[in-house]
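*Asks:* Starting from these lines, generate the structure:
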Amino acid sequence: TDSFCLRNQGKTAADMLDLIASLARRAQDAGRFFGVTIAASFGCPFEGEVAPATVVAIAARLHAMGVDEIALADTIGVAVPSDVKRLIEAVRPHIGATPLRMHFHNTRGTGIGNVYAAVDSGVRVIDASCGGVGGCPFAPGATGNVGTEDVLYLLHRMGFETGIDIAKVVATSKWLEGPLQAPMQASMSRASVFPPPRAA
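*Replies:* Here you go, the predicted model:
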């Protein structure tokens, strides 16, 4: 939305798309990967509901620019799994083979459910943060991103291979509580790893 974009980047959405087109050309000329995130894809703290058609139009334009990846971000954590599936289904026909990445915040406790909906819809790249830290200074009341350890627990229990050691992520989250002087938001930073590791 223009309201969110003006606060976040100091430009309208149209101005940002013009800038992105220029940056995409430069990245392509340099042989560099160039991904773009569509913020507030599911809702804006200033304008409310965001029409899926708006997101589809932006995604189609990004695809036409030849970007390497498009992310749909639930920047303020308002989406529920049915929203996620619906938006992915709406966007996919307009972006060809361009990969989708998803970015969820757990503001209203639906982040992990949304990750499941995205993975179930074929998305294989999910943003997450250790301990669930993060947020957005331009989204009043927004909490952190989905916790990396929570996403890993979900994916591992579903049978996906990630190559990431969940126990080490949990240990890092517990360590982070010291420097940040705050408890971590991710559920797995408080729960024990399951099943318990076997003794050597």
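*Asks:* phi, psi of the closest residue to I112 other than its chain neighbours?
*Replies:* Counting by Cβ to Cβ, 6 or more residues apart in numbering, I112 lies nearest to D150, which is 5.5 Å off, once chain neighbours are set aside. For glycine as for every other residue, the C-beta is placed from the backbone atoms N, C-alpha and C. With angles defined as degrees, to the nearest 10, D150 sits at phi -70, psi -40.
*Asks:* D150 contacts Q185, doesn't it?
*Replies:* No - at 9.2 Å, D150 does not count as touching Q185 under the criterion of Cβ atoms under 8 Å.
*Asks:* Could you pull up the contacting residues of the nearest residue to H105 once chain neighbours are set aside?
*Replies:* The shortest distance from H105 to any non-neighbouring residue, by Cβ to Cβ, 6+ apart, is to G77 (3.7 Å). Residues in contact with G77, defined by Cβ atoms under 8 Å, 6 or more residues apart in numbering, are 104-108, 110-111, 142-143.
*Asks:* okay, those residues in JSON lines with distance to T162 and pLDDT next?
*Replies:* Listed next are those as JSON lines, based on distance: Cβ to Cβ, whole Å; pLDDT from 0 to 100:
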{"residue": "F104", "distance to T162": "17", "pLDDT": "96"}
{"residue": "H105", "distance to T162": "21", "pLDDT": "93"}
{"residue": "N106", "distance to T162": "19", "pLDDT": "90"}
{"residue": "T107", "distance to T162": "25", "pLDDT": "89"}
{"residue": "R108", "distance to T162": "26", "pLDDT": "91"}
{"residue": "T110", "distance to T162": "22", "pLDDT": "95"}
{"residue": "G111", "distance to T162": "17", "pLDDT": "95"}
{"residue": "A142", "distance to T162": "26", "pLDDT": "71"}
{"residue": "T143", "distance to T162": "24", "pLDDT": "76"}
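*Asks:* In those residues, find the pair that's most separated.
*Replies:* Greatest spacing in the contacts of G77, by Cβ to Cβ: T110 and A142 (13.3 Å).
*Asks:* Let's verify A24: helix, strand, or coil?
*Replies:* Three-state call for A24 (DSSP: H, G, I helix; E, B strand; the rest coil): helix.
*Asks:* And T37, by the same measure?
*Replies:* strand.
*Asks:* For it, list each beta-bridge partner.
*Replies:* Per DSSP bridges, the residues bridged to T37 are A71.
*Asks:* Just give the number of residues close to it.
*Replies:* A count of neighbours around T37, defined by other Cβ atoms under 10 Å, yields 16.
*Asks:* Relative to K11, how far out is it?
*Replies:* 15 Å (Cβ to Cβ, to the nearest Å).
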